[in-house]
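Novice: The sequence and its predicted three-dimensional model are supplied below.
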Amino acid sequence: MLKIQFKDRRKPAMWLVDSSIKLGREQSCDIVVDDPEVEAVQCELTIEQEEITLCNLSDKKSVFVNELPITNNHTLVANDVIKIGSSELVIIDPLQELSQPRAQIPANKTVIRPAVSPWMLKANSAPLSGQFFQVTHRSSIGRDESAEITIPLSFISRNHANLTIKQDKLYIEDARSSNGTFVNNERIKTCELHNNDEIKLDEFSFIVIGPDEPTREKPQTAVRQQPTREKKSKRKSTTASRPKPQLASEKVFLHDIDKSSSGKVYEIVSKNNHLSKMLGHHISTSETSVSARHVHLNETDLGWEVINNGAADGLIINNKMQIRAILQHEDEITVGGTKLKFQSVGETPNNYFVPKRKKSSSFKWVVAFVLFVAAGTWAYLGGLITF
């Protein structure tokens, strides 16, 4: 996954994860270029399956890539330099940055090198799946670019958790994150980590890689576990300290319109919504729909935005696959095998559900009565004819 950054580093780098990124002088652009020579919306980057395409939206030859003018579309790769007006932006590959050779040090100069930490984290979730991160004396994990381990996902807090090494032992502390920090599926505020422990930040997970502990015995493991009463009291205090969710400025609804469903209606009252948590984690019984937990519905300045943060089976809006979209009234959303209709007009839910029509039992009685009358009439007429 690549980043884009101003060459003079006037602003932090941005991960190229959105399906569309606009560059221009307007404040509504994703990347604002404050330059009088730049048009309101100068160009657009489209990202599809890790392929980045630059489209010049201006009639003039005012966008350059590696000093060559771009008139229509151009595919970008790492280290490409985009020039808009007098501003330059560069496409960055973080893996290349890590592999760059270090500066040569004179042989006669004494260099004091910090001790190499024995602790590492291995990411198990997209978009960092399979990457290793060395843990220093103090490392932070979060969405912000200043974090030592940056996770560019919306459900990760800007500063989510902190890692600290004390006397060769590794500790993790939750930094008052919105969605919590979990170690081996138990929510924590702070605790010691061990080799092969699993860290989960909402849906994103790491495996801890550290020195083996051959002398670690089962009784020592049991010490980490607190009595049941203490756990309950901790959970209560943790829940009480969590910030209340922000309320939305308007009430909207999601309607389950699958013909096989009961037509359930979900009222959306919070600004930020984890879609599958709202639906009760049973959107569908199919195994592939489990990744629907990565879909979020948030109220923004532009309206209600639905975002796919890695759902394997995708997010479909009005029969079109999307990564993110601003929803309109009566848009249809398909996620995790379930079809939903979005309602943003009206204080009460509309009735979109059309249940399967069942044959009425009274219809059967009417048919039986008609047949009975016809048989009686036929028998009566037959008797008259014989007479």
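Specialist: Looks like it arrived, so ask away.

Novice: Can you show me the strands along the stretch 251-387 of the chain?
Specialist: 265-270, 272-274, 295-300, 303-308, 315-317, 320-322, 324-326, 332-335, 338-343 (DSSP state E, counting those that start in this stretch).

Novice: Each with direction, which strands does the third one pair with?
Specialist: Neighbouring strands of strand 295-300 in its sheet, by DSSP bridges, are strand 272-274 (antiparallel), strand 303-308 (antiparallel).

Novice: The last one now?
Specialist: Using DSSP bridges, the neighbouring strands of strand 338-343 in the sheet come out as strand 247-256 (antiparallel), strand 332-335 (antiparallel).

Novice: Model confidence score at residue 219, please.
Specialist: The predicted local confidence for residue 219 comes out at a pLDDT of 41.

Novice: again, but for the one 10 residues further on
Specialist: Note for residue 229: predicted pLDDT of 54.

Novice: Ok, the one 4 residues further on next?
Specialist: Looking at residue 233, its pLDDT reads 46.

Novice: first vs last residue of stretch 45-53, how far apart are they?
Specialist: Between the opening and closing residues of stretch 45-53 there is a gap of 6 Å (CA to CA, to the nearest Å).

Novice: Next: stretch 67-86.
Specialist: Distance between the two ends of stretch 67-86: 12 Å, counting by CA to CA.

Novice: cool, and stretch 125-141?
Specialist: As for stretch 125-141, its first-to-last residue distance stands at 14 Å under the measure CA to CA.

Novice: Show me what counts as buried in it.
Specialist: Taking 16 or more other CB atoms under 10 Å as the basis for neighbour counts, the residues of stretch 125-141 that come out buried are 125, 127, 128, 131, 133, 135, 139, 140, 141. All C-beta atoms are positioned from the backbone trio N, CA, C, and that covers glycine.

Novice: Residue 296: how many residues sit nearby?
Specialist: Taking other CB atoms under 10 Å as the neighbour definition, residue 296 ends up with a count of 21.

Novice: Could you double-check that it sits in contact with residue 315?
Specialist: No: using CB atoms under 8 Å, residue 296 makes no contact with residue 315, being 10.0 Å away.

Novice: what's the overlap in contacts for those two?
Specialist: Common neighbours of residue 296 and residue 315, using CB atoms under 8 Å, 6 or more residues apart in numbering, are 306, 307.
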